[in-house]
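1. mind folding the following:
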Amino acid sequence: MHFTGGIFTNLTRDHLDYHGTFENYRDAKKAFFDNLESDAFAITNADDRNGLFMVQNTKAKVQTYSTRTAADHKGRILEESIEGMLLDIDNREVSVRFVGRFNVSNLLAVYAAALQLGVAPDTALCSLSALKPVNGRFEAIRSPKGVSAVIDYAHTPDALENVLTAINEIVRGKAQVITVCGAGGNRDKGKRPLMAQEAAKRSDRVIITSDNPRFENPQDIINDMLAGLDEEQKAKTLSICDRREAIRTAVMLAQPGDVILVAGKGHEPYQDVQGVKHHFDDHEEVRRAFGLEA
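-> Numbers count the residues shown, from 1 in each chain. As a prediction, this is how the structure comes out:
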């Protein structure tokens, strides 16, 4: 199969239950770029520690992008709210309906690829401005009382760090961040305490709950997560196994201006329990808890 090009966005702790080690996972991704032909392009994130490693042996034309360092394509945030951002991309301003520095990186990657495919810069930026967020990725819902909830698929320590960093950059004054999160069963157990640590580090309150327990006991997964917390972090953390009840509790705790992150499931409309996928949608649960129609 011939590829016109490829994009490397980032590499985080995920899929280790399949690859065994982080190095195997990294090398599997690198192999794609190693096999690109000389008439292809390879776009890489210069802000990721593995960005340049990914393309060091490729024959393709390499282009870099960054929000922090020298690169072929640069982006920075000029203004930001929970509705979106005003960005500077290669010295051109563009408004987008995305939030967070990680999304600036993703948009830069799309912009760089569009240019390599022959799209004019202004046309590419107009297209970025028209893009809508993907279902379950930093998807905001507002309550009538002025509380915001963000539904996000974040299910790794790095993803939680990214989305919580973005939320903390837009909360105002004494507003608090309340995080509801869990971890999947029968998957990489090593990331469970790390996820709890990220949530506690970047939130004012944390509720650890069930995600997709699959064939594990949900409380055992929660206990694995809680094991990563120190006493100070545990003091601001609740353990509520029932995900519906966890979301409702977060809404009851929230005050006007607060932001609730409901992480881990995003677009998924189910909970996987003992091999059965039961209907469960974080969007519906948040809307019901807010008193809105689901």
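2. helices of the stretch 51-200 of the chain, residue ranges please.
-> 51-54, 101-116, 121-130, 157-170, 191-201 (DSSP state H, counting those that start in this stretch).
3. quick check: which of those is nearest to Arg26?
-> Minimum separation from Arg26 across these (Cβ to Cβ) falls at helix 51-54, 7.6 Å. (C-beta placed from N, C-alpha, C; glycine too.)
4. returning to that earlier point: return the most buried member of the helices of the stretch 51-200 of the chain.
-> Stretch with highest mean neighbour count among the helices of the stretch 51-200 of the chain: helix 191-201 (a mean of 23; mean count of other Cβ atoms under 10 Å).
5. got the CA coordinates for that one in PDB?
-> What follows is helix 191-201, C-alpha atoms only, in PDB (Å, rounded to 0.1, in the frame of the first residue of the first chain):
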ATOM      1  CA  LYS A 191      -1.700   3.400  34.400                       C
ATOM      2  CA  ARG A 192      -4.400   3.200  37.000                       C
ATOM      3  CA  PRO A 193      -2.600   4.900  39.900                       C
ATOM      4  CA  LEU A 194      -1.000   7.400  37.500                       C
ATOM      5  CA  MET A 195      -4.400   8.400  36.200                       C
ATOM      6  CA  ALA A 196      -5.600   9.000  39.700                       C
ATOM      7  CA  GLN A 197      -2.500  11.100  40.400                       C
ATOM      8  CA  GLU A 198      -3.100  13.300  37.400                       C
ATOM      9  CA  ALA A 199      -6.700  13.800  38.300                       C
ATOM     10  CA  ALA A 200      -5.900  14.700  42.000                       C
ATOM     11  CA  LYS A 201      -3.000  17.000  41.000                       C
END
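6. quick one: low-confidence parts of this protein?
-> Counting by pLDDT under 70, the chain shows low-confidence ranges at 13-19, 294.
7. counting neighbours, which bits of the lengthiest strand in it end up buried?
-> As assigned by DSSP state E, the longest strand anywhere in the chain is strand 73-81. Under the neighbour-count criterion of 16 or more other Cβ atoms under 10 Å, strand 73-81 has 73-75, 77, 80 buried.
8. can you give me the strands for the protein?
-> Going by DSSP E, the chain shows strands at 5-8, 41-45, 61-66, 73-81, 84-89, 92-96, 139-142, 148-152, 177-181, 205-208, 237-239, 259-263, 270-273, 276-279.
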